[in-house]
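# Requesting a structural model of the entry that follows:
(one chain, ligands or ions: 1)
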Amino acid sequence: MEIDHVALFVQQVIEHFEKSDHQLLRDYAIRLSAVPLEDASEGSEPNWLKSCDVIDDVVLPDATRAILQGLRSVAELLPWHEAPGEDVPGGLAGHHAYTEIIGPHGRWRADHCRFGVFVIDADIHYPLHRHEADKFYYFIGGGAKVSVMPLPGQDFSAGDVVHVPSRTSHDTTTGADPLIALWGWWGDIDIGKYEFCEAQPQG
Ligand SMILES: [Fe+2]
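Below is the predicted model:
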């Protein structure tokens, strides 16, 4: 049987989460484990975006070295996209990318969670947005300031976990370093319930 390297990466993530000090990641490992990693779905063909170059360029951190190396080995096999919706703020175009590995549109179909990887270039502000789903970020390279309203923004780096509760507005801002994070949604994972909060110019 042909080896699916992306499946091996997911397995690596599950084992990493199972050993984590963070209860949230241990719980998420259970959700991921429920997905049978058999044949990949149609529509999961590779699609590289220029923003993904940072995956190879970022410094390997001690806390998440193996996971980032695992991602590097499969990143070119994944379908990368820009943020969903038609109202993506202009400054973001060409400077971020995400991929859904497991979920309604993932390489493996699931309707109880969405899991993937998120990348932002250095010096980028990913604006305030919200969604019905609960979300986590697990930082595996670089760093960023994340604001989860109404709390002030906090700096995070490799090995850190951020939990964004359902319907809570949040934004992400990078400085000198880019950000590479694993992300997961659970709860109501309908992508239609995703909206940017900052007012767009009228008229
Ligand atoms: Fe979000």
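
# starting at the chain centroid, how far to the lowest-mean-pLDDT helix or strand in the chain?
When each helix and strand of the chain is scored by mean pLDDT, DSSP states H and E, strand 194-196 comes last, with a mean of 83. A distance of 16 Å separates the C-alpha centroid of strand 194-196 from that of its chain, computed with CA atoms, centre = their mean, to the nearest Å.

# pretty sure Ala7 is in a helix, no?
Yes: in this structure, Ala7 lies within a helix as judged by DSSP: H, G, I helix; E, B strand; the rest coil.

# which ones are touching it?
Contact analysis of Ala7 by CB atoms under 8 Å, 6 or more residues apart in numbering lists Leu37. C-beta coordinates here come from the backbone N, C-alpha and C atoms, glycine included.

# can you give me the strands in this structure?
Remark: strands of the chain, listed N- to C-terminal, are 96-103, 108-109, 113-120, 125-131, 134-148, 154-157, 161-164, 170-173, 179-186, 194-196; assignment by DSSP state E.

# Let me see the mean pLDDT of the second one.
Averaged across strand 108-109, pLDDT comes to 94.

# rewinding a little: turn the strands of the chain into CSV, including distance to Glu45.
Output for the strands of the chain, formatted as CSV (distance: least, CB to CB, whole Å):
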stretch, distance to Glu45
strand 96-103, 12
strand 108-109, 14
strand 113-120, 15
strand 125-131, 26
strand 134-148, 24
strand 154-157, 32
strand 161-164, 30
strand 170-173, 28
strand 179-186, 21
strand 194-196, 23
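
# Tabulate the ones you listed in CSV, adding columns for mean neighbour count.
Rendered in CSV, the data for the strands of the chain read as follows (neighbours: other CB atoms under 10 Å):
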stretch, mean neighbour count
strand 96-103, 24
strand 108-109, 18
strand 113-120, 23
strand 125-131, 20
strand 134-148, 22
strand 154-157, 15
strand 161-164, 18
strand 170-173, 20
strand 179-186, 24
strand 194-196, 16
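
# Quick one, which of the ones you listed gets closest to Gly70.
Relative to Gly70, the nearest member of the strands of the chain by CB to CB is strand 134-148, separated by 9.3 Å.

# and the angle for that closest one with strand 113-120?
Taking axes from the mean of the first three to the mean of the last three CA atoms, to 10 degrees, one finds strand 134-148 and strand 113-120 inclined to each other by 30 degrees.

# quick one, strand 134-148 and strand 125-131 angle?
Orientation of strand 134-148 against strand 125-131 (the same axes, to 10 degrees) gives an angle of 140 degrees.

# Run a quick check on Leu92 versus His129, I expect a contact.
No: between Leu92 and His129 no contact is recorded; they are 10.8 Å apart, counting by CB atoms under 8 Å.

# If I average pLDDT within each of the strands of the chain, which one is lowest?
Comparing these by mean pLDDT, the weakest confidence falls on strand 194-196, with a mean of 83.

# Does anything pack onto that strand? Which helices or strands?
When contacts are defined as 3 or more CB pairs under 8 Å, 6 or more residues apart in numbering; DSSP states H and E, strand 194-196 sits against strand 125-131.
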